[in-house]
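# prediction below, plus the sequence it came from.
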Amino acid sequence: MSSDTQSNRPLSEEELQELVASSDAGGRNPVGNVGVFLAVVAAIWSIFQVVLASPLANYVLPGSVVNNARQFHLAFAIFLAFAAYPALKSSPRDYIPIQDWIMGILGAFVALYGYFFYQKIVDAGGLADDVDKWVALVGLLLLFEAARRALGPAMAIIATIFLAYVFFGSSEWVPEVIRWKGASLKKAMSHMWITSEGVFGIALGVSTKFVFLFVLFGALLDKAGAGNYFIKMAFGALGHLRGGPAKAAVVGSAATGLISGSSIANVVTTGTFTIPLMKRVGFSSEQAGSVEVASSVNGQIMPPVMGAAAFLMVEYVGISYVEVITHAFLPAAISYIALVYIVHLEAVKRNMPTLGDRDVHLARTVVGMLSFFLVFAGLCYGSQFPVEAVTSWAPSSAGMILSLIVCAVYVGLLYLAAQVPDLEPDDPNAQEVQLPVIGDIYKAGLHYLLPIIVLVYFLMIEQKSPGLSAFWATALLFVILLTQKPLKALFRGQHTLSASFVDGVVDLWQGLIDGARNMIGIALATATAGVIVGTVTLTGVGQVMADLVEFLSGGNLILMLVMVGILSLILGMGLPTTANYIVVSSLMAGVVVELGAQSGLIVPLIAVHLFVFYFGIMADVTPPVGLASFAAAAVSGGDAIRTGFTAFFYSLRTVALPFVFIFNTDLLLIDVTWVEGIIVAIFATIAILVFTAGTMGYFLTHSRIYESIALIFVAFALFRPDYFMDRISPPYASVEPSAFVETIGQTPPGTEVRLVVSGPDFDTLAMTDTTVIVAVGNEEGGEARVDAMGLLLLEEDGLIKLEEPMFGSPVADELGNFDYYGDEAVRLTSVSLPSSQPPKQMIYIPAMILLGLIAFLQRGRAARQEEVPA
């Protein structure tokens, strides 16, 4: 019994920090001059990235450095990986062995090889010579070893398998379905290391340009004290409710998740305070850990950072950053709302006590939180009006004036903060838990919201690049860290200005170091994932994967989506979220789009990328390798596997949502008006709450089986009203293909027509169907409109045959996979025009009536249960 207790004991604060360090920042901290040297290198990396993102980059840094920034980024990451991450558990933690020095320096040099020999590589057209190929091979080996240390063995193993496939893909022991001709060492190394197709590709570029600044921004904001402020505010708002500590954990983790790229760090940072308090009010160790895991991991689906995936989606999907976070916002928001509701239902089911002696006013709490978010959103949106006024009044000096205004606002907010004591972290194990009172503490951290408002303003209003937006917000944080303590001392009349300034310098220095060390794993993940992306582009294995998934799923779209989700989970079990997203989106995003079109479902690319991303983050939860679950178990003292399974159950909405927005893109706010968006948000919120009640077996009281099924049915109807409306009134009317040209000539311009084209696949010659949507132009006559679409039709043998579309025409990409010169003709088999249909929102009415009936039944049963004496 004692040994079991010992194995499940909560870890101490020092052990928890070691856990975070070993997974996120490196577990080695040498002492003496070597420790100072590593700190200086980390700080230089942060400063380099800040300068690189600044408007002055082209004036301060040589052009060759700016052009080869990815090489410098990777060089810092590889060197710090060998310095900060021990090779084995038995390796020393207090000094760096000589072999790690050698590998770190050699790795940095090889990463910079493209910078040192830039002209030679350009002259050779990016083709590796005999020296290049061996340098590149050494670079890949060192990169894989660095990734193994920083990210665990899975990333390095998967990358090695893909690299082996490049060389040995033509071998007989490779299944014929994925066999390819293979590549020479020189060709492979050119592709992977010398050009920008592999390691130094889009993913590492995004890490260099955008991700570092946001990770640094989060580290500096936390060092300034914002993390503790967010947690205190969450506890002040929610801690007095039933299950309050868990609700506060969800909201606090959502706030810290906005600025943290690591679910493990998020679990430990907020969990050390929230988990003991959750256990105090009646949550088991596993439940408390699971709530923290679910809320912390979900921090990575919340804009604006989204665990760095938002910036990758910009590059991969080809839409703006603002569009990415607009599409991602509603599912993330309702997912968190559902998690708060899960916690509420757990507390009500177990009749948990409340903390503190404050009166519980649920309605007042909800209104207060909504008011805060609306005021904050209003400030972010309204900031454009004074900016426009200043710009029009003094265009030449607007930048200086606006900077002075921001500084004046900052000083004013800091003056308010000086009127209340500094916020100290609470002890969750204290005899008496004193919940913070928002009215007493809110002034203490209002100035932390200022850099967030600056970030949102530049991103959303000015629509500047994410890197430049993060630069200005980070620059303001530099000012805050250096000045907040001295100015507070001044406002309080304390004579500690010099000491306070030194404390601020130390905080800034430590924030620069933390930001760099937190980036080591992400930089290595994006670089190593580049090998996998490079393999896909070099070998064409992506098309093979499409054929394989189509074969295994039998062409069934739902089964295919389930398979993609499972693959994302499996790959993600050993990969960080960013790397998992890169790998799975590279392999599977095109598969979903292609097979969706064959099944008649036109899936926007952003929906597919969010689909694989959601399943990727679930890997941090899912046993047996759910790293966040192990971190939470270390804090709570619970069983890690049971914590993981409970967290997965709490995260069922995160599993269900991707399937919803694949089929109903309104949830991603794609092609909806403001009014439609508000209606979608309201009913999606109701739907996710009803789904949660159905899966938790509790609504107004304990649900019977048929009530739970009915609740899930209501949630489905609210999420997918089109599913039922399409069966009541079909959305499309069929037209004979032979009448296509004539019908198009009479169709109003702008109408979207659905065409199903059948023919032999170019690679396999198997007959396949593809659905395309084309818009009717305003040309005169049906033939002119068909020509404008790029369709070349020929009526023959009773069929409407298609010739190969003209290059660059609207349908060239969608119809480019057919073999137009084989024995079987490519033909137009179905034409559908939109037909008038009642608004799909009418389905909400019977769904809400059914929900009201369930509520009526449960309310009566709950009232009778209360009348029964205990």
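Right, received. Where do you want to start? Numbering: from 1, shown residues only.
# hey, let's count contacts and neighbours off CA atoms from now on
Fine.
# what about the closest residue to residue 425 other than its chain neighbours, helix or strand, and which?
Residue nearest to residue 425 in three dimensions, not counting chain neighbours: residue 228, with 6.6 Å by CA to CA, 6 or more residues apart in numbering. Per DSSP states H and E, residue 228 falls inside helix 226-238.
# helices and strands around the helix or strand that comes right after that helix, which ones?
Next helix or strand after helix 226-238 toward the C-terminus (DSSP H and E): helix 244-257. In terms of contacts (3 or more CA pairs under 8 Å, 6 or more residues apart in numbering; DSSP states H and E), helix 244-257 is packed against helix 226-238, helix 263-280, helix 285-298, helix 321-349.
# rerun at 6 Å
The helices and strands touching helix 244-257, judged by 3 or more CA pairs under 6 Å, 6 or more residues apart in numbering; DSSP states H and E, are helix 226-238, helix 263-280, helix 285-298.
# could you tell me the least trusted of the ones you listed?
With a mean of 77, helix 263-280 has the lowest mean pLDDT of the helices and strands packed on helix 244-257.
# name the helices or strands packed onto that one?
helix 244-257, helix 285-298.
# report the angle between the helix or strand following the last one and helix 321-349.
On the C-terminal side of helix 285-298, the nearest following helix or strand under DSSP H and E is helix 309-317. Interaxial angle of helix 309-317 relative to helix 321-349 (axes from the mean of the first three to the mean of the last three CA atoms, to 10 degrees): 130 degrees.
# what comes up buried for helix 309-317?
Under the neighbour-count criterion of 16 or more other CA atoms under 10 Å, helix 309-317 has 309, 310, 311, 312, 313, 314, 316, 317 buried.
# looking at those, which one is closest to residue 51?
Each of the buried residues of helix 309-317 was scored against residue 51 by CA to CA, and residue 311 proved nearest at 19.4 Å.
# distance check, the closest residue to that closest one other than its chain neighbours against residue 513.
Nearest residue to residue 311, sequence neighbours excluded (CA to CA, 6+ apart): residue 206, at 6.4 Å. Distance, residue 206 to residue 513, using CA to CA, to the nearest Å: 21 Å.
# poorly predicted segments of the stretch 601-750 of the chain, please.
Residue ranges of the stretch 601-750 of the chain with pLDDT under 70: 623-626.
# which stretches of it form strands?
732-735 (DSSP state E, counting those that start in this stretch).
# contacts only, for residue 754.
Listed by CA atoms under 6 Å, 6 or more residues apart in numbering, the contact set of residue 754 reads 772, 773, 831, 832.
# who does the longest helix that the chain contains touch, helix- and strand-wise?
Secondary structure of the chain per DSSP state H: the longest helix is helix 497-539. For helix 497-539, the elements it packs on are helix 32-53, helix 202-206, helix 212-224, helix 466-491, helix 577-584, judged by 3+ CA pairs under 6 Å, 6+ apart.
# least reliable of those helices going by mean pLDDT?
Lowest mean pLDDT within the helices and strands packed on helix 497-539: helix 577-584, at a mean of 78.
# so which residues make contact with the helix or strand that that one is followed by?
Later in the chain than helix 577-584, the nearest helix or strand by DSSP H and E is helix 590-598. By CA under 6 Å, 6+ apart, the residues outside helix 590-598 that reach it are 546, 603, 769, 770, 771.
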